[in-house]
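S.K.: just the structure for this:
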Amino acid sequence: MAGPDSREVNFLAAARGRCPVCGQGKLFKGFLKVAPECSQCHTDFQAADTGDGPVVFVILIVGFIVCFGFMITALSHDWPLWLHMIIWLPMALFLSLGLMPPLKGLMVASQLKNRVNDQDRFK
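M.R.: Residues are numbered from 1 along each chain as shown. Below you'll find the predicted structure:
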């Protein structure tokens, strides 16, 4: 197990919502609220502020999947518009909600690995 100062970051653990340093503690204290620190190794997560970074990736990934799927089905099948709405709107919602925590975890792990500290910018 790596200590909080060695910065050996486990991206897979972060994508699963675990501490990217030790892999044991929880990264989130809510659905998307990053915990102040790891309960196991006490790594400080407050310096890693992801901002809108994960949202941009979610928009691009989900937008591509849903728009591509809609275009393929719209061109190959003669479905009514309401059927497209029943299929593609919930798919966009569930994909967005499913991708957001792993991508936010990956962004926090990336910031910890690269030693990004937002507090240094304002000095």
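
S.K.: from Pro90, how far off is Gly98?
M.R.: Going from Gly98 to Pro90 by C-beta to C-beta, to the nearest Å gives 12 Å. Placement of C-beta: from N, CA and C, glycine included.

S.K.: helices of the chain, start to end?
M.R.: 11-15, 53-76, 81-113 (DSSP state H).

S.K.: what about the last one, average pLDDT?
M.R.: Average pLDDT, helix 81-113: 93.

S.K.: so it versus helix 53-76, what angle?
M.R.: If you take axes from the mean of the first three to the mean of the last three C-alpha atoms, to 10 degrees, helix 81-113 sits at 150 degrees to helix 53-76.

S.K.: run the chain-centre distance for helix 81-113.
M.R.: When C-alpha coordinates are averaged (C-alpha atoms, centre = their mean, to the nearest Å), helix 81-113 and its chain have centres 8 Å apart.

S.K.: tell me the most buried of the helices of the chain?
M.R.: Greatest average neighbour count among the helices of the chain goes to helix 11-15 (a mean of 18), per mean count of other C-beta atoms under 10 Å.

S.K.: which residues touch the residue nearest the centre of the chain?
M.R.: Nearest residue to the geometric centre of the chain (C-alpha atoms, centre = their mean): Leu103, 2.0 Å. Going by C-beta atoms under 8 Å, 6 or more residues apart in numbering, Leu103 touches Ala15, Pro54, Phe57, Val58.

S.K.: now swap in Met100 and tell me
M.R.: Leu32, Pro54, Val55, Val58.

S.K.: how about the residues you listed in JSON lines, adding distance to Thr43 and pLDDT?
M.R.: Formatted as JSON lines, those follow (distance: C-beta to C-beta, whole Å; pLDDT from 0 to 100):
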{"residue": "Leu32", "distance to Thr43": "18", "pLDDT": "85"}
{"residue": "Pro54", "distance to Thr43": "19", "pLDDT": "90"}
{"residue": "Val55", "distance to Thr43": "24", "pLDDT": "92"}
{"residue": "Val58", "distance to Thr43": "25", "pLDDT": "95"}
